[in-house]
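>>> my questions are about this predicted structure, shown below with the sequence.
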Amino acid sequence: MNAGDTTGRHLKRLRAEGVAVWLRGFHRPDTVGELARLVAAWDLSGLTWTVDDVLAADGCARPAALRGPEAGPVRAHRRLSTVAARAACDVLLPLYEASGGRMGLVSADLPPDAPDMSLGEQVRATWWAVDRPNLLLKVPGTARNLDLVGSLVADGIGVDISPVFSAARYEQVFAALCTGLEQARRAGRPLRRICTAVSLPIAPIDQLVDRRLRERGLDASRYPTGEAARAHARLVYHRHEQAMSGPRWQALAAHGAHLPHLVWTSLEPPDRPSYTDHLIAWGVVHALPRTTLPSLTHGSVLIGDALSGRHITARQDLEALYAFGLSYEVLAAELEDAWLAWRARLWHALWRGSEQVTDATEVAGTARDPA
């Protein structure tokens with residue numbers, strides 16, 4: 001049995017447990033054929049990418065996207081993203097239609113407030129430019145964006161709230177999504193056409209806990225490795241179950257609303273096995289890079305639902321951090337701030353790189369309006 005057969009069998013077992021798998025980090029519009037092959041070979045049900053995936057992508061497609069009078073780092077990248085998102089959505093559109101909108105989604109990243117447009121303006125402009133119902137556009141899961149989330153959903157726009165680092169923030173995001181869906185319903189929009197997701201990075205939580213313990217000169221072995229992130233996931237899933245069984249969501253579901261996808265991301269810590277076996281529950285999504293899929297089965301032992309009904313011990317595990325001078329809530333806020341700063345740096349690096357590509361293209365005499 002080759003590695004591909006083993007991976008396929010493992011993915012099938014994950015699906016039997018109710019777990020969907022999305023491909024993470026596919027941005028090149030010139031390789032949609034490869035995306036179609038991967039979707040078919042591994043029965044993937046979605047695609048997600050972020051700015052670091054864009055920077056890691058091969059640059060051969062950029063000059064073509066940078067041609068024309070709109071060239072300039074911000075507009076050029078916006079143009080490239082639109083082309084890539086539409087192409088990826090077209091690959092997954094048959095799956096989206098066959099599943100009634102539950103699968104076949106494409107989640108694309110957008111810059112923070114760009115020099116010429118706010119985040120809300122960019123989301124709306126990109127949504128109408130791509131013009132595909134299976135598109136999700138990422139909105140940072142910060143407190144200041146909660147009203148924006150509600151207004152976008154009210155307009156029928158698919159969003160992926162990414163990232164979310166705490167169970168408390170997840171509750172706030174879920175409430176904002178419900179508010180948007182309620183407004184959409186009052187406006188007469190069909191709720192079954194509105195898709196949403198919430199993305200939750202896992203590995204950064206353990207990495208930050210381990211780093212803070214080392215900074216305090218404490219033995220990290222006193223706090224079990226990997227327990228903070230797993231406890232966080234269990235607590236989030238408990239809040240998710242509570243929210244979807246509550247009367248507010250039940251009323252929306254009765255009118256055709258799709259439950260937000262709960263997407264676990266950053267599942268590949270550099271110094272320990274993947275978290276995938278410990279984040280299994282019905283209806284969750286694992287977002288995995290292509291490089292991880294062939295080795296997914298290494299040391300893997302699927303143990304069934306690892307999240308439901310484990311919130312009490314999860315809360316105890318997180319409260320145990322206080323004994324080490326750490327707070328789950330404070331760490332979550334620190335991760336959010338650090339992520340926002342990191343993301344802004346990457347986008348500015350991308351814009352500078354696009355500007356360099358534009359200059360080089362013009363010097364070489366290859367910049368021309370596309371036919």
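Everything's here; your move.

>>> from now on I want contacts and neighbour counts done on CA atoms only, so please keep to that.
Noted.

>>> which parts of the stretch 51-200 of the chain are helices?
Taking DSSP state H, counting those that start in this stretch, the helices of the stretch 51-200 of the chain run over residues 51-56, 62-65, 73-98, 119-130, 146-154, 167-186.

>>> buried stuff in the last one?
Residues of helix 167-186 classed as buried by neighbour count (16 or more other C-alpha atoms under 10 Å): 167, 169-171, 173-185.

>>> closest to Ser107 out of the helices of the stretch 51-200 of the chain?
Distance to Ser107, taken as C-alpha to C-alpha, is lowest for helix 73-98 among those, at 8.3 Å.

>>> other SSEs contacting that closest one?
Applying 3 or more C-alpha pairs under 8 Å, 6 or more residues apart in numbering; DSSP states H and E, we find helix 73-98 packed against helix 32-42, helix 62-65, strand 105-108, helix 119-130, helix 328-364.

>>> could you dump these to JSON lines with mean neighbour count, distance to Ala98 and mean pLDDT?
Shown next, in JSON lines, are the helices and strands packed on helix 73-98 (neighbours: other C-alpha atoms under 10 Å; distance: least, C-alpha to C-alpha, whole Å; pLDDT from 0 to 100):
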{"stretch": "helix 32-42", "mean neighbour count": "15", "distance to Ala98": "14", "mean pLDDT": "86"}
{"stretch": "helix 62-65", "mean neighbour count": "20", "distance to Ala98": "32", "mean pLDDT": "45"}
{"stretch": "strand 105-108", "mean neighbour count": "28", "distance to Ala98": "12", "mean pLDDT": "96"}
{"stretch": "helix 119-130", "mean neighbour count": "17", "distance to Ala98": "20", "mean pLDDT": "94"}
{"stretch": "helix 328-364", "mean neighbour count": "16", "distance to Ala98": "35", "mean pLDDT": "72"}
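
>>> Arg86 against Trp127, yeah?
No. Using C-alpha atoms under 8 Å, Arg86 makes no contact with Trp127, being 9.9 Å away.

>>> for Glu215, which of the helices and strands packed on helix 73-98 is the nearest?
Nearest to Glu215, of all the helices and strands packed on helix 73-98, is helix 328-364, at 14.1 Å by C-alpha to C-alpha.

>>> and for stretch 194-209, what's in contact with it?
Contacts with stretch 194-209, where a contact means C-alpha atoms under 8 Å, 6 or more residues apart in numbering, come from 101-102, 134, 136, 153, 156-165, 170, 225-230, 233, 257-269, 331-332, 335.

>>> buried subset of these, written for PyMOL?
Per 16+ other C-alpha under 10 Å, the buried members of the contacts of stretch 194-209 correspond to this PyMOL selection:
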select buried, resi 101+102+134+136+153+156+157+158+159+160+161+162+163+164+165+170+226+227+228+229+230+233+257+258+259+260+261+262+263+264+265+266+267+268+331+332+335
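
>>> of the contacts of stretch 194-209, which belong to strands?
136, 159-161, 261-265 (DSSP state E).

>>> and those, which is the shakiest by pLDDT?
Here the lowest pLDDT out of the ones in strands among the contacts of stretch 194-209 sits on Thr265, with 94.

>>> ok, what's across the strand from that one?
Beta-bridge pairing for Thr265 (DSSP bridges): Pro201.

>>> ok, now which ones touch it?
Listed by C-alpha under 8 Å, 6+ apart, the contact set of Thr265 reads 199-202, 286-288.

>>> same deal with Ala41?
Counted by C-alpha under 8 Å, 6+ apart, Ala41 has contacts Gly8.

>>> can you check Val149 too?
By C-alpha under 8 Å, 6+ apart, the neighbours of Val149 are 139, 159, 161, 173, 176-177, 180.

>>> same question for Leu181.
By C-alpha under 8 Å, 6+ apart, the contact list for Leu181 reads 150, 153-154, 191, 252, 257.

>>> look up how far Thr291 lies from the nearest residue to Leu148 once chain neighbours are set aside.
In this structure, Leu148 finds its nearest non-sequential neighbour in Gly120, 6.8 Å apart by C-alpha to C-alpha, 6 or more residues apart in numbering. Look at Gly120 and Thr291: by C-alpha to C-alpha, to the nearest Å, they are 33 Å apart.
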